[in-house]
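In: sharing a sequence plus its predicted fold:
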Amino acid sequence: MLPSHGRYAYHPWPARPDYGWPGGAKLAVYLGLNLEHFAFGEGLGAELAPGANGGGGPQPDVLNFAWRDYGNRVGAWRVLEMLDELSLPATLLLNSAMYGYAPELVAAHRARGDEIAGHGRTNSERQSSLPEDAERALIAEATAAIALAEGAAPRGWLSPWIAESAVTPDLLAEAGYRYTLNWCADDQPIWMATRAGRLLAIPYPQEVNDIPAIVTRKDDAAQFAAMIVEDFEERLRQVRDGKPQVMGIALHPYLIGQPYRLRALRRALAAIAQSRPEVWITTAGGIFDHVITLPEGLVP
């Protein structure tokens, strides 16, 4: 037998029961906007060009640090303006270090009512490499910072680098989390087993995601925008006579906040923002809130 995670069972797509999203919609769409802060001169980070982290050069890696920092200083504010222009909500995937570095940016999203989900302390580290007690402490620290600033603990979590240990789902459930975005195994939410009860896995994209697309595959702005539209239109075709789906769009301001990429992204999101009865534009937390109202057995 192959090793198994034991978190969920296999459920073939054609055999799934049918259900709907609010208002009879069949496609739920949410934006996962990552606000991340990075250590200077050490730790992990995406790279514009091979530098100290990927190419063995000396630290401090000013080129790549400053490129990422552009997202918090400029790009994220332009993204926020675009969201206001298109009247789109967002799920903010927040490094808790952002409260100390750019509190005004977090406050601007709070003011517009965006959901805030946990995303670790910083993307300069991975929780998967930590002993269980240290990982528990990381989750607790990030959670406490959000709860203090927002008046309530977050319900959802995305690990930095989507890196999990064998016990991450257990630790999240024990810390009071209700859903995770780490598992991209489905087009519907699925229930995961943990030692502290159920945890909902809400689909978070690894395809319609600007880091794999732009940093890894080197897609240009038009290709990434076209990917969003093609994914959306194909899902619309599928759900009209089929099962409900979730479409997530994962965004990082240091990438899509660059003006030429933002221009292409705006066109793509404007196409999605048009009112359609089949489409429910929401947040990851909104999806969770609806799932828990459904009769037992509809969600695998």
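Out: Structure's in. What do you need?
In: so the residue nearest the centre of the chain: helix, strand or coil?
Out: The residue lying closest to the centre of the chain (Cα atoms, centre = their mean) is residue 32, at 4.0 Å. Here residue 32 is recorded as strand under DSSP: H, G, I helix; E, B strand; the rest coil.
In: list the contacts for it?
Out: 90, 91, 93, 158, 181, 204, 205, 248, 249, 250, 251, 284 (Cβ atoms under 8 Å, 6 or more residues apart in numbering). (Glycine included, C-beta is placed from N, CA and C.)
In: apart from its chain neighbours, what residue comes closest to the last one?
Out: When the adjacent residues along the chain are set aside, residue 284 lies closest to residue 91, with 4.4 Å between them (Cβ to Cβ, 6 or more residues apart in numbering).
In: likewise for the fifth one?
Out: Closest residue in space to residue 181, ignoring its immediate chain neighbours: residue 204 at 3.7 Å, by Cβ to Cβ, 6+ apart.
In: which ones are touching the one you found?
Out: 32, 158, 162, 181, 182, 183, 184, 248, 250, 284.
In: closest to residue 188 among the contacts of residue 32?
Out: residue 248 (11.9 Å; Cβ to Cβ).
In: model confidence at that closest one, what's the number?
Out: pLDDT, residue 248: 98.
In: number the chain from 13, please
Out: Renumbered: residue one is now 13, and that last one reads residue 260.
In: contacts only, for the closest residue in space to residue 57 that isn't next to it in sequence.
Out: Spatial nearest neighbour of residue 57, chain neighbours left out: residue 50 (4.8 Å); criterion: Cβ to Cβ, 6+ apart. Residues near residue 50 by Cβ under 8 Å, 6+ apart: 56, 57, 77, 80, 81, 134, 135, 136.
In: rerun that using 7 Å as the cut-off
Out: Taking Cβ atoms under 7 Å, 6 or more residues apart in numbering, we find residue 50 in contact with 57, 77, 80, 134, 135, 136.
In: need the helix or strand of the protein with the lowest average pLDDT.
Out: Every helix and strand of the chain was ranked by mean pLDDT, DSSP states H and E. The lowest is helix 64-67, at a mean of 54.
In: skip ahead from that one and say which helix or strand is next.
Out: Sequence order places helix 74-82 as the next helix or strand after helix 64-67, per DSSP states H and E.
In: ok, and what's touching that following helix?
Out: The set of residues external to helix 74-82 that reach it, using Cβ under 7 Å, 6+ apart, is 50, 52, 57, 58, 59, 60, 61, 63, 65, 266.
In: of these - the most surrounded one?
Out: residue 266 (26 neighbours; other Cβ atoms under 10 Å).
In: residue 310: neighbour count?
Out: Based on other Cβ under 10 Å, the number of other residues close to residue 310 is 14.
In: ugh, typo on my part, it should be residue 272
Out: 10.
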